[in-house]
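> my questions concern the predicted model and sequence given below.
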Amino acid sequence: MIRVGIVGGTGYTGMELLRLLTAHPEVEPALITSRAEAGTRVDSLFPNLRGHCDLTFSGPDEGALAAMDLVFFATPHGVAMDMVPQLLAQGVRVIDLGADFRLRDSAAFAQWYGMAHRASDALGDAVYGLPETTRAHIPGARLVANPGCYPTAVILGYAPLLAAGMLDPETLIADCKSGVSGAGRAAKVNLILPEAADSLHAYGVSGHRHRPEIEQELSLLAGAPLTLQFTPHLMPMIRGIHATLYGRLRSALSDADLQAIFAEHYGREPFVDILPFASHPATRSVRGANTCRIAVHQPRPGQVVVLSVIDNLVKGAAGQAVQNMNLLFGFPETLGLEQIALMP
Ligand SMILES: NC(=O)C1=CN([C@@H]2O[C@H](COP(=O)(O)OP(=O)(O)OC[C@H]3O[C@@H](n4cnc5c(N)ncnc54)[C@H](OP(=O)(O)O)[C@@H]3O)[C@@H](O)[C@H]2O)C=CC1
Ligand SMILES: CC(=O)N[C@@H](CCC(=O)OP(=O)(O)O)C(=O)O
């Protein structure tokens with residue numbers, strides 16, 4: 001049994017993490033923080049946890065966090081970097097669901113996040129925690145950078161063809177849609193019901209902070225630097241990411257061979273489901289599950305379209321963090337993550 005703490009327990013990813021950890025047989029959620037709700041019982045804010053969780057929110061006290069085996073940060077970027085070096089020095093392992101340790105280059109972090117990196121020495125300790133691409137490095141890590149939600153859907157969709165050297169790296173376009181929970185629980189005018197419920201818009205077309213993260217990881221897979229166009233959209237739904245990924249093949253492949261590349265690449269992966277060729281996965285088929293469902297299309301010879309769907313709060317955040325925790329502590333990778341998606 002390990003004792004874990006969550007910093008940022010009132011946000012959407014923090015509460016999803018607590019829901020998953022409460023049911024995990026090897027974990028005791030021992031500490032959950034909120035500055036605004038310190039002193040409030042967790043189950044009075046989240047009644048779904050009544051009867052399952054006796055915790056009360058407390059302030060993010062570093063001494064109390066240092067007594068944990070593992071601390072998750074489910075906080076906005078810029079928070080974890082001020083506490084992580086101290087925790088690591090005291091032997092606590094850390095999984096950051098935010099973006100502080102995802103970009104390996106502190107100058108790139110400063111450029112995309114608009115703040116200097118205040119713990120750049122710890123960047124060398126960080127392992128990018130997308131198990132399907134970086135699994136070998138995770139068990140020995142002290143600090144795991146949990147990927148962003150869009151990067152999870154995009155990288156998993158492109159990985160098989162890039163790793164096989166089959167895609168022209170200059171032809172990649174990721175057209176993505178996210179539910180509004182992707183923007184967090186804090187009140188924002190553009191997320192209230194009348195603004196978000198009956199509308200659809202793109203954002204960040206000229207540059208979104210997930211683009212350098214995606215490019216960093218895809219370049220590693222391809223073995224050479226690459227760039228892509230990344231266009232996110234806000235969808236009038238609560239959970240889910242749908243990524244439509246375009247690219248051109250370097251050389252001809254039959255539909256069957258294309259499908260076989262995906263099926264073989266992910267054949268043993270418990271959380272990636274390759275659908276029959278030319279399927280159309282829906283976000284609701286993964287809602288509440290730590291699953292990425294992928295379908296491949298070839299509308300014209302050489303033109304590939306990959307469809308990749310995840311739940312942004314599960315495989316895109318909290319579920320992936322539990323998967324990383326399982327790898328860090330030597331638990332079976334699927335432990336506590338057996339949930340089947342909720343439909344409708
Ligand atoms: N929503 C999503 O789909 C995804 C989010 N992420 C990332 O995960 C992180 C959390 O996201 P999300 O749950 O949506 O965010 P929310 O805005 O919903 O929640 C943020 C949480 O952090 C706490 N917090 C804020 N500032 C501080 C601070 N300075 N010190 C300590 N705690 C603080 C808040 O509580 P309080 O202010 O009371 O302390 C709150 O509990 C972000 O970095 C986000 O980008 C990653 C993947 C997907
Ligand atoms: C719908 C929406 O607003 N989504 C967020 C991404 C959420 C996320 O994963 O952001 P982090 O990189 O900070 O973890 C956005 O586009 O900024």
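In hand now; what should we look at? Ligands and ions are numbered 1, 2, ... in the order given.
> with just CA atoms, put stretch 204-214 into CSV.
Only the C-alpha atoms of stretch 204-214 are listed here, as CSV (Å, rounded to 0.1, in the frame of the first residue of the first chain):
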residue,chain,number,x,y,z
GLY,A,204,-4.8,28.8,-31.0
VAL,A,205,-4.5,28.2,-34.7
SER,A,206,-1.4,30.3,-35.1
GLY,A,207,0.2,28.7,-32.1
HIS,A,208,-1.0,26.6,-29.1
ARG,A,209,1.3,25.5,-26.2
HIS,A,210,0.6,21.8,-27.0
ARG,A,211,2.2,22.2,-30.5
PRO,A,212,5.8,22.2,-29.2
GLU,A,213,5.0,19.3,-26.9
ILE,A,214,3.6,17.3,-29.8
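> would that stretch count as contacting ligand 1?
No - for stretch 204-214, no contact with ligand 1 is found by CB under 6 Å from any ligand atom; the gap never falls below 9.2 Å. Any C-beta I mention is one placed from the backbone N, CA and C, and that applies to glycine too.
> give me the contacts around that stretch.
The contact list for stretch 204-214, computed with CB atoms under 8 Å, 6 or more residues apart in numbering, reads 99, 102-103, 108, 112-113, 147-148, 150-151, 154-155, 174, 228, 230-232.
> restricted to helices, list these.
Mapping the contacts of stretch 204-214 onto helices (DSSP state H) picks out A108, W112, Y113, Y150, P151, V154, I155.
> for the fourth one, grab the count of nearby residues.
Think Y150. If you count neighbours by other CB atoms under 10 Å, Y150 ends up with 27.
> report the separation between the nearest residue to it once chain neighbours are set aside and G302.
Excluding the flanking residues, the one nearest Y150 by CB to CB, 6 or more residues apart in numbering is H210, at 4.6 Å. H210 sits 27 Å away from G302, going by CB to CB, to the nearest Å.
> so if I had to pick from those two, which one is more boxed in?
It is H210, of H210 and G302, that has more neighbours when counted by other CB under 10 Å, with 23 against 15.
> distance between the ends of stretch 262-277?
10 Å (CA to CA, to the nearest Å).
> ok, and what's touching that stretch?
Contacts with stretch 262-277, where a contact means CB under 8 Å, 6+ apart, come from 132, 156, 159-160, 163-164, 255-256, 258-259, 281, 290-297, 315, 319, 323, 333-334, 337.
> of those residues, buried ones?
Buried members of the contacts of stretch 262-277, counted by 16 or more other CB atoms under 10 Å: 132, 156, 159-160, 163, 258-259, 281, 290-297, 315, 319, 323, 333, 337.
> ligand 2: which of the ones in helices among the contacts of stretch 204-214 is nearest?
Checking the ones in helices among the contacts of stretch 204-214 against ligand 2 with CB to the nearest ligand atom, the nearest one is Y150 at 6.3 Å.
> residue contacts, that closest one?
Counted by CB under 8 Å, 6+ apart, Y150 has contacts A174, C176, S178, H208, H210, I214, F230, P232, I241, A243, G316.
> number of nearby residues for F46?
For F46, the neighbour count with other CB under 10 Å is 17.
> that one against L18, yeah?
Yes - at 7.5 Å, F46 counts as touching L18 under the criterion of CB atoms under 8 Å.
> what touches both of these two?
In the contact map built from CB under 8 Å, 6+ apart, the residues linked to both F46 and L18 are C53.
> and N290, helix, strand or coil?
coil (DSSP: H, G, I helix; E, B strand; the rest coil).
> same thing with the one 4 residues further on?
With three-state DSSP as the basis, I294 sits in strand.
> setting aside sequence neighbours, what's the nearest residue to it?
In this structure, I294 finds its nearest non-sequential neighbour in S308, 5.0 Å apart by CB to CB, 6+ apart.
> what strand or helix carries that neighbour?
strand 303-310 (DSSP states H and E).
> what score does the residue in the chain positioned nearest to ligand 1 have for pLDDT?
Nearest residue of the chain to ligand 1 (CB to the nearest ligand atom) works out as G11 at 2.0 Å. Here the pLDDT value assigned to G11 is 97.
> what pLDDT does the residue nearest to I294 get?
pLDDT, S308: 99.
> what number of residues lie near it?
27.
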